[in-house]
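Enquirer: The amino acid sequence is not available; the structure is as follows:
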């Protein structure tokens, strides 16, 4: 199968490979994204594999050739630093993007496949205690209901809209279930006709819609529309590792999740865990070598559920070819990896001209 892997970095734009990682190509000199720029997010259109979205320090950028070339979207998002992107699974023309440091944290919506954007409520504070300027790390659209939109802000809380982003309610509160305002990731699994054979008693034979919220130090799971949450501190479950970074629903599965966790940022010790029962229980995966820092980014695609990627804060890239059970480190060293994605489309990549003395 032809495909292109994209690795977003803080300092070298996007590195791309269309030969299974044997060679890698930087961005060209006249792209909307600078070849030495910062890119925080990647998303592939589920219906058009050649169309890719990138959240960069110059705004929201669009590629129509698998990441080979890029152009900026217009509107108020232009020039802002985009940290997160979400595509509505039921309506791929509808996108959401979140901004953050050094820009003001805000949520934007597009209804024309990212060509134009409007800003949505609520208004985020300019500064916060933990990271100085908040950043919107995660956005998630309910696959069963496109009007149900969630987003999470690092040091800005968890938020939910039931009307497509027109109004939001804040869910975190020190007196309630989700106690931390440091939200790292949110994922929603649709209702399932059958659960995994290895599922725990917490997941019934007909698994209900499941909401998973990761704070900096805990995993929260709800199967009653967020009324109650199963909450467990990470350091008590994952051999003392507390820094709960991100989560990915595994392509082709109703119930399985992949999670990255470490001992801090950038961290020294990190692991990847798989859950077969929607986040209630987790099993450690196998890594062929020790990563150099905390795993920061996860990526997969429904075109091949066995192929997954994971990148660390200090630039190690790992690939799994068995659905996340085992991982091998790629030969290439990268700058700080912020996002990873791949698409079943061969981008027309051209090597840079080399300067020779």
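Expert: Structure's in. What do you need? Remember, predicted model here, so these are calculated numbers, not experimental data.

Enquirer: Residue 340 belongs to a strand?
Expert: Yes. Using DSSP: H, G, I helix; E, B strand; the rest coil, the secondary structure at residue 340 is a strand.

Enquirer: Quick check: the closest residue to it other than its chain neighbours vs residue 325, distance?
Expert: Take residue 340 and drop its neighbours on the chain: the residue closest to it by CB to CB, 6 or more residues apart in numbering is residue 299, 3.6 Å away. C-beta coordinates here come from the backbone N, C-alpha and C atoms, glycine included. Using CB to CB, to the nearest Å, residue 299 is found at 17 Å from residue 325.

Enquirer: So which of the two has more stuff around it?
Expert: Between residue 299 and residue 325, counted using other CB atoms under 10 Å, residue 299 has the larger neighbour count: 23 against 14.

Enquirer: Tell me how many other residues crowd the residue lying closest to residue 94 once chain neighbours are set aside.
Expert: Among residues not flanking residue 94 along the chain, residue 88 sits closest, at 3.9 Å (CB to CB, 6+ apart). Counted with other CB under 10 Å, residues neighbouring residue 88 total 21.

Enquirer: thinking residue 88 is in contact with residue 95, fair?
Expert: Yes. Counting by CB atoms under 8 Å, residue 88 touches residue 95, with 7.2 Å between them.

Enquirer: Which neighbours do these two have in common?
Expert: Residues touching both residue 88 and residue 95 (CB atoms under 8 Å, 6 or more residues apart in numbering): none.

Enquirer: Need the pLDDT of residue 351.
Expert: What the model reports for residue 351 is a pLDDT of 83.

Enquirer: what's near enough to touch it?
Expert: 23, 25.

Enquirer: now it: how far from residue 3?
Expert: 19 Å.

Enquirer: Also residue 80?
Expert: Using CB to CB, one obtains 30 Å as the distance from residue 80 to residue 3.

Enquirer: Which one's more surrounded, those two?
Expert: Shown here are residue 80 and residue 3; by other CB under 10 Å, residue 80 has more neighbours (25 against 20).

Enquirer: Would you confirm that the more buried one contacts residue 59?
Expert: Yes. Counting by CB under 8 Å, residue 80 does reach residue 59; the two are 5.8 Å apart.

Enquirer: okay, now residue 10: neighbour count?
Expert: The tally of other residues near residue 10 (other CB under 10 Å) stands at 17.

Enquirer: Could you pull up the residues touching the residue nearest to it when sequence neighbours are not counted?
Expert: If the residues on either side of it in the chain are set aside, residue 10 comes closest to residue 336, at 4.2 Å by CB to CB, 6+ apart. Applying CB under 8 Å, 6+ apart, we find residue 336 in contact with 9, 10, 11, 296, 313, 314, 315.

Enquirer: before we move on, what about residue 265?
Expert: By CB under 8 Å, 6+ apart, the contact set of residue 265 is 243, 294, 313.

Enquirer: returning to that earlier point: distance to residue 343, secondary structure and pLDDT for the contacts of residue 336 - can I get that in TSV?
Expert: Supplementary listing: the contacts of residue 336 in TSV, determined by distance: CB to CB, whole Å; DSSP: H, G, I helix; E, B strand; the rest coil; pLDDT from 0 to 100:
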residue	distance to residue 343	secondary structure	pLDDT
9	18	strand	98
10	22	strand	98
11	23	coil	97
296	20	strand	97
313	24	coil	98
314	25	coil	98
315	22	coil	98
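
Enquirer: Using ChimeraX, define a selection of the buried residues within those.
Expert: The ChimeraX command for the buried members of the contacts of residue 336 (criterion: 16 or more other CB atoms under 10 Å) is given here:
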select :9,10,296,313,314,315
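
Enquirer: residue ranges with poor pLDDT in the stretch 201-350 of the chain?
Expert: By pLDDT under 70, the low-scoring segments of the stretch 201-350 of the chain are 201-205.

Enquirer: For it, which segments count as strands?
Expert: With strands called from DSSP state E, counting those that start in this stretch, the stretch 201-350 of the chain shows them at 210-215, 218-222, 230-233, 243-249, 257-262, 270-275, 283-284, 286-287, 295-300, 308-312, 317-320, 326-329, 337-343.

Enquirer: Next one: residue 31 from residue 64, what distance?
Expert: Per CB to CB, residue 31 is found 13 Å from residue 64.

Enquirer: Could you check which of these two has the larger neighbour count?
Expert: Applying other CB under 10 Å to residue 31 and residue 64 shows that residue 31 carries more neighbours, namely 20 against 14.

Enquirer: which residues touch that one?
Expert: 13, 69, 70.

Enquirer: hmm, try it at 7 Å
Expert: By CB atoms under 7 Å, 6 or more residues apart in numbering, the contact list for residue 31 reads 69, 70.

Enquirer: now do residue 167
Expert: With contacts defined as CB under 7 Å, 6+ apart, the neighbours of residue 167 are 121, 161.
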